[in-house]
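Novice: Sequence isn't available, so here's the structure alone:
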């Protein structure tokens, strides 16, 4: 079974630009969640999508948005980039069954804003 | 909003010893508490989780305990091995949010 994939793996943007990151979940997983990881703020939850609907949202400004497609692939978008948006953006796909919960992270997209 | 505090920030143990990492949370509505392990340069892995209707859960050498009244939960690793060396994150989640602890860097010395 293929793992979670994220594209691109590395990205350099300048302040004021916008960026779109993509995440393909494990086949059969309908939930995709996004996280931001920085040395200063640690791991922070951005949002979660399930069956094309945003189910949960963390405490991030409206510049951060996302969506999920019918094939469960998800994208997140950051508009009007700021220097502080430089981070590793991780997505994770998950599956909840009656007996267990499994969650797997992708390798991340490292975004640098200059 | 939810606030999760994690202690200690660094922990060094001898191989074979036990390691305990503790987290406290503030929002009594939190009902799901996962723990993640992140090795250097790698992605986080979910290693164990516990829901608020359970007090303890064990999986081989790792266990998690939850005290809902005191709003704290702990990760216990027994018989530590060098490959347990990593940063461990706790998290507390409620219906609409998830907050992470700042992480504990565990070093297991051979």
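Specialist: Nice, I can see it. Keep in mind the model is a prediction, meaning the values are calculated, not measured. Numbers count the residues shown, from 1 in each chain, chains lettered A, B, ... in the order given.
Novice: just checking, residue A:108 touches residue A:89?
Specialist: Yes - applying Cβ atoms under 8 Å, one finds residue A:108 in contact with residue A:89, separated by 6.3 Å. The C-beta positions use only the backbone N, C-alpha and C, and glycine is treated the same way.
Novice: So in terms of bridging, what pairs with the residue lying closest to residue A:85 once chain neighbours are set aside?
Specialist: Nearest residue to residue A:85 in three dimensions, chain neighbours excluded: residue A:113, at 5.2 Å (Cβ to Cβ, 6 or more residues apart in numbering or on different chains). The residues listed as beta-bridge partners of residue A:113 by DSSP bridges are residue A:13.
Novice: and the longest strand for chain B?
Specialist: With DSSP state E applied, the strand covering the greatest number of residues in chain B is identified as strand B:86-94.
Novice: Check the burial of residue A:56 by counting its neighbours.
Specialist: Using other Cβ atoms under 10 Å in any protein chain shown, the number of residues around residue A:56 comes to 18.
Novice: and it, what helix or strand is that in?
Specialist: Taking DSSP states H and E as the criterion, residue A:56 maps to strand A:53-57.
Novice: What is the subsequent helix or strand relative to that strand?
Specialist: On the C-terminal side of strand A:53-57, the nearest following helix or strand under DSSP H and E is strand A:64-68.
Novice: Read off the pLDDT value for the residue nearest to the spatial centre of chain A.
Specialist: Nearest to the mean C-alpha position of chain A, by Cα atoms, centre = their mean, lies residue A:34 at 3.1 Å. The predicted local distance difference test score for residue A:34 is 97.
Novice: contacting residues for the nearest residue to it once chain neighbours are set aside?
Specialist: Distance criterion Cβ to Cβ, 6+ apart; nearest residue to residue A:34, sequence neighbours excluded, is residue A:46 at 4.0 Å. With Cβ atoms under 8 Å, 6 or more residues apart in numbering or on different chains as the criterion, the residues that contact residue A:46 are A:33, A:34, A:35, A:36, A:57, A:58, A:60, A:64, A:66, A:76, A:89.
Novice: about what we covered before: what does the longest strand of chain B rub up against?
Specialist: By Cβ under 8 Å, 6+ apart, the list of residues contacting strand B:86-94 from outside reads A:42-43, A:45, B:2, B:4, B:6, B:21, B:23, B:25, B:27, B:29-40, B:44, B:47, B:73, B:75, B:98-101, B:103-106.
Novice: ok, now which ones touch the closest residue to residue B:76 other than its chain neighbours?
Specialist: Counting by Cβ to Cβ, 6+ apart, residue B:63 is the residue found nearest to residue B:76 once chain neighbours are left out, at 4.6 Å. Contact criterion Cβ under 8 Å, 6+ apart gives B:48, B:56, B:57, B:75, B:76, B:78 as the residues in contact with residue B:63.
Novice: What parts of chain B come near chain A?
Specialist: The interface of chain B toward chain A, taken as Cβ under 8 Å from any Cβ of the partner chain, is made up of B:1, B:34, B:36, B:43-46, B:49, B:89, B:91, B:95-103.
Novice: Just the buried residues of these.
Specialist: Buried members of these, scored by 16 or more other Cβ atoms under 10 Å in any protein chain shown, are B:34, B:36, B:43-44, B:46, B:49, B:89, B:91, B:97-103.
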